[in-house]
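okay, structure incoming, though there's no sequence with it:
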C-alpha cells in the first residue's frame, strides 16, 4: 500500500518555493512541481498498466488545491476503469487534428476540384463558365459552409429561384454542384451517402424535369431576307474582323472555328478546309467544302511570314476575341449574333432548297442522330455539300426577288 503523504492546506501550499516535487497529500501521488524558474504546476504520479506516468493537471494557482484534488480523484477513477489518461489525451488531440484537416469550405473545395479537372476540359472558356456560375449562384449561399455540412436544403435554396427562369443555367449548375460534392466525398471531406445535388432519386422528386421546363432560345439570327443587304454592307467593311465574319457566314461554321482557322488546315487548290478534331465541339474532324467566294476571300488575304492564323488579332497576333465579331454586328445595330448565322443557314436550307435535312446537319457539324443522318457522316458526301455551300454563297449575294432591300439594322428575330 503506497505511503500516504502529510496533507497540506491551501496556505501551506502557497508557501512552497523550493524547486522540486512537493507531495500535498489527500490523494495519493498528487504533488506540486516547482521549476528552477519558480513556475508551479500540479503533477499526479501514478502507475497505469504497470507503466509509470506523470500526468499534468494544470498550473498553480490557476488550478487551486481543491481543484487539483478533484482532478486527481477523477484521473484515478478513470485509471481504475481501465483508461490510460495519457493515451486518451493523445487520441483526443489526434482526432482534433484530423477534424481540423477536414475543415474545407465549399468554395475551397470547388476551387480545388476545378484545378484538378481543368486540364481535361476543352478550353479555358469552360473553366471560366464553372467559376462564373458558382461565384454568382453558389458561393453567396454556401461558399463559407464546410463542404461536409451541405444538405439538400442548401442545394434547393440555390436552384429553386432560377430553375424555371434560367433552366439551362440551373441544370448545368446542379451538375457542377454534384461533381464538386462527389469529389469531396471521395477525398474524405464528406460522409458516404446520397449526394444532395444528385438528380435521379433525389432532386427529381422536388424539381420539374429540365426538358419539360426550359425554353429553347437559339442565338438571335438574322432573317433570311436580310442576308443580301447585310452581306453587301459587310463586304464593304475593312479589317480582319469583317473578313473573319464573312468567312464564318460563307462556311456556316461556329465563330470559334473560324477565328481559330489556320493556313495549314486549308487546301486552296482542292477548296477544302479541314478542321481538326481538337478544335471541334464534337471532337470529330470536320471537312468544309469552300465555295468560290470563300476561296477568293482567302486568296485576297495578305499573309504574314510566321503567322499561322488566317484571321489573327491586329493587336496581339493571337486568335481574335469572341467579342470582335459580335461588336462588329452591334455597331450595325443588329441584335443577331455571329452564331445565329448558322440558324439562318439552316432555315434557308430547309425553306428555300430541296437539300435533305441530314445534309444541312452534316454541313453544320451537328452530332449525328438517326441512322439516315449517320450514313451521311460515314460518307461525308463532300461534293453534295460543296453544291449546298455554293448555292448558299450565291443566295446571300443575290438581291431579293421583290427588288426591295431590307435595311440591315432591322431587329433580328429570336
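That came through, no problem. Quantities reported herein were computed from a predicted structural model and do not represent experimental measurements.

report the buried residues of whatever helix or strand residue 341 lives in.
Per DSSP states H and E, residue 341 falls inside helix 340-352. For helix 340-352, the neighbour count (16 or more other C-beta atoms under 10 Å) marks 340, 341, 342, 343, 344, 345, 346, 348, 349 as buried. For the C-beta atoms, the positions are set from N, CA and C on the backbone; glycine is no exception.

can you report how many residues lie near the nearest residue in space to residue 244 that is not next to it in sequence?
The shortest distance from residue 244 to any non-neighbouring residue, by C-beta to C-beta, 6 or more residues apart in numbering, is to residue 311 (3.9 Å). Residue 311: 24 surrounding residues under other C-beta atoms under 10 Å.

can you read off the pLDDT for residue 311?
Reading off the confidence values, residue 311 has pLDDT 93.

per the annotation, how does this structure divide into domains?
10-101, 106-213, 224-396 (automatic domain parsing).

go through those and find the least confident stretch.
domain 10-101 (a mean of 82).

okay, and residue 46 sits in which element?
Secondary structure from DSSP H and E places residue 46 in strand 40-48.

how about the strands in this structure?
Secondary structure of the chain by DSSP state E: the strands cover 20-23, 30-34, 40-48, 51-60, 266-267, 272-275, 286-289.

would you format those as CSV with mean neighbour count included?
Shown next, in CSV, are these (neighbours: other C-beta atoms under 10 Å):
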stretch, mean neighbour count
strand 20-23, 15
strand 30-34, 21
strand 40-48, 19
strand 51-60, 15
strand 266-267, 16
strand 272-275, 19
strand 286-289, 21
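
among those strands, which is nearest residue 107?
With C-beta to C-beta as the criterion, residue 107 lies closest to strand 272-275 of the strands of the chain, at 37.7 Å.

packing partners of the closest one?
With contacts taken as 3 or more C-beta pairs under 8 Å, 6 or more residues apart in numbering; DSSP states H and E, strand 272-275 sits against strand 266-267, strand 286-289.

switch to 10 Å and redo it
Using 3 or more C-beta pairs under 10 Å, 6 or more residues apart in numbering; DSSP states H and E, the elements in contact with strand 272-275 are helix 240-251, helix 255-259, strand 266-267, strand 286-289, helix 292-299.

direction included, what does it pair up with?
Sheet pairing of strand 272-275 (DSSP bridges) gives strand 266-267 (antiparallel), strand 286-289 (antiparallel).

of all the ones you listed, which lies closest to residue 71?
The closest of the strands paired with strand 272-275 to residue 71 is strand 286-289. By C-beta to C-beta, the value is 78.0 Å.

residues in contact with that closest one?
250-254, 257-258, 261, 265-267, 270-277, 279-280, 294, 362-365, 380-390 (C-beta atoms under 10 Å, 6 or more residues apart in numbering).

hmm, 7 Å instead?
Residues from elsewhere that reach strand 286-289 (C-beta atoms under 7 Å, 6 or more residues apart in numbering): 251, 253, 271-275, 280, 365, 380, 382, 385-386, 389.

for residue 267, see how far away the closest residue to residue 382 other than its chain neighbours is.
Spatially, and ignoring its direct neighbours in sequence, residue 382 is nearest to residue 289 (5.6 Å; C-beta to C-beta, 6+ apart). Plainly put, residue 289 is 11 Å away from residue 267 if you go by C-beta to C-beta, to the nearest Å.

same deal with residue 299?
13 Å.

got the contact list for the residue most central in space within the chain?
By C-alpha atoms, centre = their mean, the chain has its centre lying nearest to residue 130, at 2.9 Å. For residue 130, the contacting residues are 114, 176, by C-beta under 7 Å, 6+ apart.

going forward, count from 35.
With the count now opening at 35, the last piece we talked about shows up as residue 164.

roughly how far apart are it and residue 219?
19 Å.

ok, the residue nearest to residue 278 - contacts?
Counting by C-beta under 7 Å, 6+ apart, residue 345 has contacts 274, 277, 278, 293, 295, 354.

about what we covered before: can you say which of the contacts of strand 320-323 are buried?
Buried subset of those (neighbour count, 16+ other C-beta under 10 Å): 285, 287, 305, 306, 307, 309, 314, 399, 419, 420, 423.

from those residues, which is closest to residue 97?
Set against residue 97, the nearest of the buried ones among the contacts of strand 320-323 by C-beta to C-beta is residue 314 (73.4 Å).

phi, psi of the closest one?
Main-chain dihedrals, residue 314, degrees, to the nearest 10: phi -100, psi 150.

these two touch, right, it and residue 400?
No. The criterion here is C-beta atoms under 7 Å, and residue 314 misses it with residue 400 at 11.1 Å.

how about the longest helix seen in the chain: buried residues?
Ordering each helix of the chain by length in residues (DSSP state H) puts helix 201-220 first. Using 16+ other C-beta under 10 Å as the test for burial, helix 201-220 gives 201, 203-205, 207-208, 210-215, 217-219.

cool, and stretch 181-195?
By 16+ other C-beta under 10 Å, the buried positions in stretch 181-195 come out as 181, 182, 184, 188, 189, 190, 192, 193.

please apply the same query to stretch 326-346.
Neighbour counts using 16+ other C-beta under 10 Å place 327, 328, 329, 331, 332, 343, 344, 345, 346 of stretch 326-346 among the buried residues.

gap between that stretch and the chain center?
36 Å (C-alpha atoms, centre = their mean, to the nearest Å).

for it, measure first residue to last.
End-to-end distance of stretch 326-346 (C-alpha to C-alpha, to the nearest Å): 22 Å.

residues contacting residue 188?
Per C-beta under 7 Å, 6+ apart, neighbours of residue 188: 175, 176.

roughly how far apart are the nearest residue in space to residue 40 that is not next to it in sequence and residue 65?
Spatially, and ignoring its direct neighbours in sequence, residue 40 is nearest to residue 59 (5.3 Å; C-beta to C-beta, 6+ apart). In this view, residue 59 and residue 65 are 10 Å apart by C-beta to C-beta.

same check, this time on residue 308
Using C-beta to C-beta, residue 308 is found at 88 Å from residue 65.

do you know how far residue 304 is from residue 421?
Distance of residue 304 to residue 421, computed by C-beta to C-beta: 15 Å.
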